[in-house]
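In: turn this into a model:
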Amino acid sequence: MRTIAAALLGLALLAPPAMAEDFAFDPAELEGNQLAWGGYAEFKGEHSDLNQQGALRNLQLYREPRSTLDRVAAALQLDGRLTHGIAALKWVAKATAAQDDLAWYDNADLYEGFLSLKPNPNLVVDLGKKVFKWGKGYAWNPVAFIDRPKDPNDPEEALEGFIGAGFDAIRSLSGSPLQTVALTLVALPVWQGVNEEFGARGQVNLAAKLYFLLYDTDIDLIAYTGNSRSTRYGLDFSRNLTSSLELHGEVAHTPRQATQLLDGNSLLTTEVVADTSWLVGLRHLTESELTTIVEFYHNDDGYSEAEQNRFFALVDAGMAQYESTGATTLLGRAANVSQLYSRPQTGRNYLYARLSQKDPFDILYFSPGLTAIVNLDDQSWSVAPEMVYTGFTNWEARLRFNVVGGDSNSEYGEKLNRNKLELRLRYFF
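Out: Now for the predicted structure:
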């Protein structure tokens, strides 16, 4: 991978004269300063009816059993861009504070903060904390090797990036089915205090993305190598089949991936496997502005039904032990692995659908929507209808009701909440 990355970088820098003309430097670009900034202030109120028989509810609240949970939260997000000549400083920062029936939470993070150098439209160098947004999927991105995972219920929300250095070179062609070629190279260090959540420390990881616009189809070839995570390779594509219908997909392959799971004795073990995750989806827009997104996601990193059931059985055994003796040995063991088994989409196969309608029945500034996720292996599900109103200048109000269902020992059947009602108000500035 390092050899490939070095060769691609050399090709980009040691281009023939015809390509070099595209990289001409214009001193006029050094002139002038521009500052643009904005963001939003948010208030959110939530009421949840808890899943009385759910494994996650029992694990988290066995000392304080309750049937409901109320939460209020406030957030402030600031984003901006300061431009001077060929340099641009970009940032996204967010602070949140929340109080529920159990505790107070607060957090402040710099989601993005990086310097972007653009000597001409064909060359960009980025230094700092950035979200790269690799992948074509809407709800999931198997090929987003150097980004944090999205929340499928709010996939357009800002994500926190990682600190690194990126290089982008773009070449436009004419008179050929291959219209554009672009190369992205990223170096991502993991040191003490730097990107520690990414993986093992003391490493500098490399990632590369080669983009083609070929026959009006967007194609990315992606690779990652480094000792913080396993080496992996990916491909994604997107193509407009018609003016209103788009097809997209992704596939990611990891030749050797260490995965942790509970064995038959409820002990955590590590296995090394090869896995391939992939996604295919459609996005359609009608003349009446009804947007429909449908995606199928195969998650090879997920657990089978039998593997998930071992975790649920451990929680059940822990509750029985606690109720009969007061001991928490088994519940403590379950808590130690709960982050593995309670993360979003722990299964293997999912169907995602989102529908949103703009101004139905000529009701201006009103946009109802519906998001549904189905675990196709255990047939458990999540459905979230919502209403969004933007009729007041700079304000957005969203009312959403999320309900989950499924049999016992299914992913959504064992969730903490049975349903959740949420009101979110945002003021944009």
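In: worst mean pLDDT across the helices and strands of this protein, which element?
Out: In the chain, the helix or strand scored least confidently by mean pLDDT, DSSP states H and E is helix 17-20, which has a mean of 34.
In: that one: what's the following helix or strand?
Out: strand 33-50 (DSSP states H and E).
In: could you give the number of residues near Gly193?
Out: Neighbours of Gly193 under the rule other C-beta atoms under 10 Å: 7. All C-beta atoms are positioned from the backbone trio N, CA, C, and that covers glycine.
In: identify the bridge partners of Arg398.
Out: Val388, Arg424 (DSSP bridges).
In: the residue nearest to Trp37 when sequence neighbours are not counted pairs with what?
Out: Distances taken as C-beta to C-beta, 6 or more residues apart in numbering place Gly80 nearest to Trp37, at 3.3 Å, with adjacent residues excluded. When assigned by DSSP bridges, Gly80 has beta-bridge partners Trp37, Trp91.
In: then Val251?
Out: Judged by DSSP bridges, the bridge partners of Val251 are Leu235, Trp278.
In: circling back to that earlier point, surely the residue nearest to Trp37 meets Lys90?
Out: Yes: with contact defined as C-beta atoms under 8 Å, Gly80 counts as touching Lys90 (7.3 Å).
In: neighbour-wise, which of the two wins?
Out: Set Gly80 next to Lys90 and count neighbours by other C-beta under 10 Å: Lys90 wins out with 19 against 14.
In: pull the number of nearby residues for the closest residue to the more buried one other than its chain neighbours.
Out: Excluding the flanking residues, the one nearest Lys90 by C-beta to C-beta, 6+ apart is Arg81, at 5.0 Å. The number of residues packed near Arg81 is 14, by other C-beta under 10 Å.
In: now do Asn394
Out: Counted with other C-beta under 10 Å, Asn394 comes out at 10.
In: ok, Pro155 next?
Out: Residues lying near Pro155 (other C-beta under 10 Å) number 18.
In: again, but for the one 4 residues further on
Out: Here the count is done by other C-beta under 10 Å, and Leu159 has 18 residues near it.
In: that one reaches Asn141, doesn't it?
Out: No: applying C-beta under 8 Å, one finds Leu159 not in contact with Asn141, separated by 10.5 Å.
In: overlap of the contact sets of those two?
Out: Both Leu159 and Asn141 are contacted by Asp147, Lys150, under the criterion C-beta atoms under 8 Å, 6 or more residues apart in numbering.
In: the helices in the stretch 1-150 of the chain, which residues?
Out: 2-13, 17-20, 55-61 (DSSP state H, counting those that start in this stretch).
In: mean pLDDT lowest for which of these?
Out: The stretch with the lowest mean pLDDT among those is helix 17-20, at a mean of 34.
In: helix/strand/coil for the nearest residue to Arg232 once chain neighbours are set aside?
Out: Excluding the flanking residues, the one nearest Arg232 by C-beta to C-beta, 6+ apart is Thr254, at 4.2 Å. Of the three states, Thr254 takes strand under DSSP: H, G, I helix; E, B strand; the rest coil.
In: Thr254: neighbour count?
Out: Residues lying near Thr254 (other C-beta under 10 Å) number 23.
In: Thr270 now?
Out: Around Thr270 there are 8 residues (other C-beta under 10 Å).
In: buried residues, the host helix or strand of it. List them.
Out: Thr270 belongs to strand 268-285 when assigned by DSSP H and E. Going by neighbour count (16 or more other C-beta atoms under 10 Å), the buried part of strand 268-285 is Asp275, Thr276, Ser277, Trp278, Leu279, Val280, Gly281, Arg283.
In: kindly report the same for stretch 49-56.
Out: Going by 16+ other C-beta under 10 Å, stretch 49-56 has these buried residues: Leu50, Asn51, Gly54, Ala55, Leu56.
In: contacting residues for the spatially closest residue to Glu46 that is not a sequence neighbour?
Out: Using C-beta to C-beta, 6+ apart and skipping the chain neighbours, the partner closest in space to Glu46 is Arg71 (4.4 Å). Residues near Arg71 by C-beta under 8 Å, 6+ apart: Lys44, Gly45, Glu46, Ser48, Ala98, Gln99, Asp100, Asp101.
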